[in-house]
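Participant: Starting from these lines, generate the structure:
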Amino acid sequence: MVYYFESTVVSPPVLLFMGFDKNENEDLIRWGWPEDVWFHVDKVSSAHVYLRLRQGQTIDDIPSSVLEDAAQLVKANSIMGNKMNDVDIVYTMWANLKKTPDMDVGQVGFHKEKEVRKMRVAKRINDIVNRLNKSKREEHPDFRAEREKRDRLEREDKKKVLREQKKKQEEEERKRRDDAELKSYNSLMSAETMSKYDDGNDSDEFM
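Facilitator: This next block holds a predicted model:
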């Protein structure tokens, strides 16, 4: 089971989601999308909250208001973190999550520590948490099927772009050939015209 939340602080709204337990978290880790940003309370147990970016967006494009929503949702879903003030929330792109065989279920590390960002949450803001909880819905997605569909659509889009690029190149090459042929034809016609009006007499005098 996955819990989905809608953050309406931006338009269009963005999607936040988290697993019901560590087993769902494990599936989210395995079948996450390149567009997913992972959030967790630093150094204490908490839910794994994800923000799904649109294709082409980066972690630098996340508005501060959306970061605040994600951070508050993570804090509210941490037994220890929810009781604490001045907690740090860490977040990074899904692709930076590292999973090794010796890790417990739901546990993750990072490929590159320098790509992990941190933000401080002074206290729980009930208005934010309540707003997000009102949008909460439960679903039972097939993580693998969704990821495979996403990848298939991406491959199709890339093939379409390549086809369009190839078509454009062929059209440009055809235009270059046509221009070259036209230039050659014009040069030929010009030479024939000069020959036609040249009587071989260099003198401009006539009797």
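Participant: the helices in the protein, which residues?
Facilitator: For the chain, the helices defined by DSSP state H occupy 22-31, 64-76, 126-134, 143-196.
Participant: okay, those helices, which one's buried deepest?
Facilitator: Scoring these by mean neighbour count under mean count of other CB atoms under 10 Å gives helix 64-76 as the most buried, with a mean of 21. All C-beta atoms are positioned from the backbone trio N, CA, C, and that covers glycine.
Participant: which strands and helices sit next to that one?
Facilitator: In this structure, helix 64-76 makes packing contacts with strand 2-7, strand 14-19, strand 36-41, strand 49-52, strand 87-93, strand 117-121, helix 126-134, judged by 3 or more CB pairs under 8 Å, 6 or more residues apart in numbering; DSSP states H and E.
Participant: hang on, the earlier thing: out of the helices of the chain, which gets the lowest mean score?
Facilitator: With a mean of 81, helix 143-196 has the lowest mean pLDDT of the helices of the chain.
Participant: okay, the angle between that one and strand 2-7?
Facilitator: 60 degrees (axes from the mean of the first three to the mean of the last three CA atoms, to 10 degrees).
Participant: what's helix 143-196 packed up against?
Facilitator: Using 3+ CB pairs under 8 Å, 6+ apart, helix 143-196 sits against helix 22-31.
Participant: So what touches the helix it packs on?
Facilitator: Here helix 22-31 makes contact (CB atoms under 8 Å, 6 or more residues apart in numbering) with 1-2, 18-19, 47-48, 50, 97, 99, 104-106, 108, 143-144, 146-147.
Participant: Select only the buried ones of those residues in PyMOL?
Facilitator: Filtering the contacts of helix 22-31 down to the buried ones (16 or more other CB atoms under 10 Å) takes a single PyMOL command:
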select buried, resi 2+18+19+47+48+50+97+106+108+143
